[in-house]
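Engineer: build me a model:
(2 chains)
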Amino acid sequence: MNRGRLGRVGVGAGLAAFVLWTLLPILWLVISSLLRTKALTSRPPDLSAASWTLGNYREVLASGQALGPALLTSAIVSLGTTLIALALGSAAGYALARLSIPGGDRIALLVLATQMFPGIVIVIPLFIVMSRLGLIDTRAGLIVVYLSFVLPVVIWILKGFFEAIPPELEKAAAVDGASAWNTFRLVVLPISWPPLFAAGVFAFIEAWNEFLFAVVLTRLHTKTVPIAISEFAGQYQTKIGEMMAAAVLASLPVVALAIIFRKAILRGFAEGAVKG
Amino acid sequence: MSSPAETGDWERGRRRTGLLLVLPALAVLAAVVLYPIARTLLLSFQRAKLAPGGLQTEFAGLAQYRQMAGDEAFWLAVRHSAFFTIGEVLLVVVISLGAALLLHHPMGRSPVFRVILLIPWAIAPVANAILWKWIYNANYGVLNAVVTGLGLSERPVNWLGDPSLALRMLLLADVWKSVPFITLLLLAGLQNIPSYLYRAATVDGAGAWNRFRFVTLPGLRAPLMLAVVLQTIWSFKVFDLIFVLTKAGPADATLLLNFLAYRVSFNFLDFGYGAAIANAIFLIMLVLAILIVRGFAPRRSAGAQGKLA
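Structural biologist: Numbers count the residues shown, from 1 in each chain, chains lettered A, B, ... in the order given. Next up is the predicted model:
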């Protein structure tokens, strides 16, 4: 009896510590973004009513520092990458899961193995080639390069889903004389919206947050959000409140996506663990 | 029912369609992954510098790998990366296992906890880096306020400016960011352990520790292995954090292999040597991954278990 209560207190304390460890830095980020820099740099921080402001956000969005254009670039690049990866990845995932391609298992493993390579191995030649093709500092260039790490993940998520579809469904379509292509297009895809969405959310978050490729492959015109805020942090070290506002704005879309689609994402984690 | 000949046709048709469906994705991956990998391998055997008029290459054999063996910066980065990777894998896996056990406890089942975990996971790594830069700020940072407030140090600590501290501070920031993913992975693993195993162990008189030791840990073998492999790979990939927080300073105190390869390639524009370092990173990661997978393989003492693996 006593031991049980002691255990519960222990678990409760552990959970509390865990929540604090996870949330305190985020809380501090949000608070800092809402305070005037002067309030942040006084000791102790001045938390009186007059210190709170939305000015940091206005500054960051309106100023020449141009988080605005970066947000647009990131949205276009991430969305473009996601849509192309879903189109190519659903076809490939279905073929690998269902259409008994010769060497299919080996191809699937090869696709996965590409993820072992650190980005630096890939980015050196890509920089050289894209310089020659004039694709440096273009959105199209970034989208193509981002497929290198988004497409394999999308293929694997969707392949896992297609493998779980009962084969009777496709057999019924085959009896009705449907070709494999039509079966995929008219029978399989229409019931695949949930996994397509889940894979899409993963893809979007990965593309939105990417940094190394963007540092190497962009100059002036196609700065993504991570690049813009890292430069901001480098140049305006004293504008702390604005830096934090920029960090919040950069994270807001992806954190919102993660929370809205938490069920699909958590299921993705669960399946990853089973297959591992 | 259809005749065997028709079935054969049908299978062939499916196979042909399958090839057509898989081909576009493979073509893209060949262009943006396989070609670069091969080219980096080739580059590592070439002197390649960016000159006006384009890239100039000349065959150099193993010269750049020899250069690497004698490069102090390379060995410094190897030591730092070893410290960083071992520290990160240990801390992340231990903290995540603890967190996963807490969240698996009936008191921790509320979905709110899982939502909380998704926030640090989804947050942009660069935003995370900027946040920690502010927390570690020597003059106004909240960490110094806490440390001096509690009387742990009389004077503010220059967390990122002190060569003996900087790498550990980077490690802490990356551990915080990495724990949620591994926690969710292990949590999913915990949920897959059949509860009758726990009941049976309890009937056999096993206490909490023995249940953990003989039911939980063996049941988590696959997810734990995945966690260690993934976290090892990710530790080698850390880049954003160094770029924003320290740029490998002070005095190269936070120089990791990945950043060295970047610096050599894109600051010094020595693509050949950068490629050699990049290949070395991949080789190290590959060897580590194989060792980890081997290390987690089931012991074959009983003989009968061998086939299950």
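
Engineer: would you mind listing what in the stretch 151-300 of chain B touches chain A?
Structural biologist: Residues of the stretch 151-300 of chain B lying close to chain A (C-beta under 8 Å from any C-beta of the partner chain) are B:176, B:179-181, B:184-189, B:191-192, B:222-223, B:225-226, B:233, B:236-237, B:239-240, B:243-244, B:258, B:261-262, B:265-266, B:271, B:274-275, B:278-279, B:281-282, B:285-286, B:289. (Glycine included, C-beta is placed from N, CA and C.)

Engineer: is it possible to mark the buried ones in those residues?
Structural biologist: Buried subset of those (neighbour count, 16 or more other C-beta atoms under 10 Å in any protein chain shown): B:176, B:179-181, B:184-189, B:223, B:225-226, B:233, B:236-237, B:239-240, B:243-244, B:258, B:261-262, B:265-266, B:271, B:274-275, B:278-279, B:281-282, B:285, B:289.

Engineer: filter the residues of the stretch 151-300 of chain B next to chain A down to just the ones in strands.
Structural biologist: Of those, none are assigned to strands by DSSP state E.

Engineer: buried set for the lengthiest helix in chain B?
Structural biologist: In chain B, with assignment by DSSP state H, the single longest helix is helix B:72-104. For helix B:72-104, burial by neighbour count (16+ other C-beta under 10 Å) applies to B:74, B:76-78, B:80-81, B:84-85, B:87-89, B:91-93, B:95-104.

Engineer: give me the subset of these that also touch chain A.
Structural biologist: Restricting the buried residues of helix B:72-104 to those near chain A - C-beta under 8 Å from any C-beta - leaves B:98-99, B:102-103.

Engineer: can you lay out those as JSON lines showing pLDDT?
Structural biologist: Output for those, formatted as JSON lines (pLDDT from 0 to 100):
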{"residue": "B:Gly98", "pLDDT": "95"}
{"residue": "B:Ala99", "pLDDT": "95"}
{"residue": "B:Leu102", "pLDDT": "94"}
{"residue": "B:Leu103", "pLDDT": "94"}
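
Engineer: hang on, B:Asn158 is in a strand, isn't it?
Structural biologist: No: using DSSP: H, G, I helix; E, B strand; the rest coil, the assignment for B:Asn158 is coil, not a strand.

Engineer: burial check on it, number of neighbours?
Structural biologist: By other C-beta atoms under 10 Å in any protein chain shown, 16 other residues sit near B:Asn158.

Engineer: quick check: closest non-adjacent residue to it.
Structural biologist: B:Ala138 (4.5 Å; C-beta to C-beta, 6 or more residues apart in numbering or on different chains).

Engineer: how's chain B carved up into domains?
Structural biologist: B:1-34, B:64-297 (automatic domain parsing).

Engineer: quick one: closest of the ones you listed to A:Ile265.
Structural biologist: domain B:64-297 (6.8 Å; C-beta to C-beta).

Engineer: first-to-last residue distance for that closest one?
Structural biologist: Terminal residues of domain B:64-297 lie 36 Å apart, using C-alpha to C-alpha, to the nearest Å.

Engineer: off-centre distance for that domain?
Structural biologist: The chain centre lies 7 Å from the centre of domain B:64-297; the measure is C-alpha atoms, centre = their mean, to the nearest Å.

Engineer: swap in stretch A:114-129?
Structural biologist: Relative to the centre of its chain, stretch A:114-129 is centred 19 Å away, using C-alpha atoms, centre = their mean.

Engineer: quick check: the residue of the stretch 151-300 of chain B at minimum distance from chain A vs B:Lys133, distance?
Structural biologist: Per C-beta to the nearest C-beta, the residue of the stretch 151-300 of chain B with the smallest distance to chain A is B:Leu226, at 3.4 Å. Remark: distance between B:Leu226 and B:Lys133 (C-beta to C-beta, to the nearest Å) = 31 Å.

Engineer: where does pLDDT dip in chain A?
Structural biologist: A:1-3, A:63-66, A:268-276 (pLDDT under 70).

Engineer: tell me which residues touch the residue in it that chain B sits nearest to, please.
Structural biologist: Chain B sits closest to A:Leu99 of chain A, with a gap of 2.9 Å, by C-beta to the nearest C-beta. Listed by C-beta atoms under 8 Å, 6 or more residues apart in numbering or on different chains, the contact set of A:Leu99 reads A:180, B:14-15, B:17-18, B:21.

Engineer: for A:Ile165, same thing?
Structural biologist: Taking C-beta under 8 Å, 6+ apart, one finds A:188, A:191 in contact with A:Ile165.

Engineer: now the closest residue to A:Val77 other than its chain neighbours, what's its secondary structure?
Structural biologist: The spatially closest residue to A:Val77, leaving aside those adjacent along the chain, is A:Leu142, at 4.9 Å (C-beta to C-beta, 6+ apart). With three-state DSSP as the basis, the three-state label of A:Leu142 is helix.

Engineer: okay, now A:Gly4: neighbour count?
Structural biologist: A:Gly4: 8 surrounding residues under other C-beta under 10 Å.

Engineer: and it, what element?
Structural biologist: Here A:Gly4 sits within helix A:2-33, counting by DSSP states H and E.

Engineer: that helix vs chain B: in contact?
Structural biologist: Yes: judged by C-beta under 8 Å from any C-beta, helix A:2-33 and chain B are in contact via A:8, A:11-12, A:14-15, A:18-19, A:21-23, A:25-26, A:28-29, A:32.

Engineer: which one (most neighbours) among those?
Structural biologist: That'd be A:Ser32 among the residues of helix A:2-33 next to chain B, by other C-beta under 10 Å, with 24 neighbours.

Engineer: list the contacts for that residue?
Structural biologist: Listed by C-beta under 8 Å, 6+ apart, the contact set of A:Ser32 reads A:40, A:240-241, A:244, B:134.

Engineer: just flag the most distant two among those residues.
Structural biologist: Farthest-apart pair in the contacts of A:Ser32 is A:Gly241 and B:Trp134; separation 9.9 Å (C-beta to C-beta).

Engineer: return the distance of A:Val19 relative to B:Leu102.
Structural biologist: Distance of A:Val19 to B:Leu102, computed by C-beta to C-beta: 10 Å.

Engineer: cool, A:Ser192 as well?
Structural biologist: On the measure of C-beta to C-beta, A:Ser192 and B:Leu102 end up 35 Å apart.

Engineer: show me where the stretch 1-150 of chain B has helices.
Structural biologist: B:4-29, B:35-43, B:63-69, B:72-104, B:111-122, B:125-135, B:142-149 (DSSP state H, counting those that start in this stretch).

Engineer: report the contact partners of the nearest residue to A:Val153 once chain neighbours are set aside.
Structural biologist: Distances taken as C-beta to C-beta, 6+ apart place A:Phe202 nearest to A:Val153, at 6.1 Å, with adjacent residues excluded. Going by C-beta under 8 Å, 6+ apart, A:Phe202 touches A:153-154, A:157, A:265, A:268.

Engineer: buried subset of these, written for PyMOL?
Structural biologist: To isolate the buried ones among those in PyMOL, judged by 16+ other C-beta under 10 Å, type:
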select buried, chain A and resi 153+154+157+265+268
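
Engineer: and the furthest pair within the contacts of A:Phe202?
Structural biologist: A:Val154 and A:Ile265 (14.0 Å).

Engineer: please verify my assumption that A:Val254 contacts A:Glu206.
Structural biologist: No: using C-beta atoms under 8 Å, A:Val254 is not in contact with A:Glu206; the gap is 9.3 Å.

Engineer: who has more neighbours out of these two?
Structural biologist: Using other C-beta under 10 Å as the criterion, A:Val254 and A:Glu206 rank with A:Val254 on top: 26 against 19.

Engineer: so which bits of the host helix or strand of that one are buried?
Structural biologist: Per DSSP H and E, A:Val254 falls inside helix A:240-260. Across helix A:240-260, burial judged by 16+ other C-beta under 10 Å covers A:240-251, A:253-255, A:257-258.
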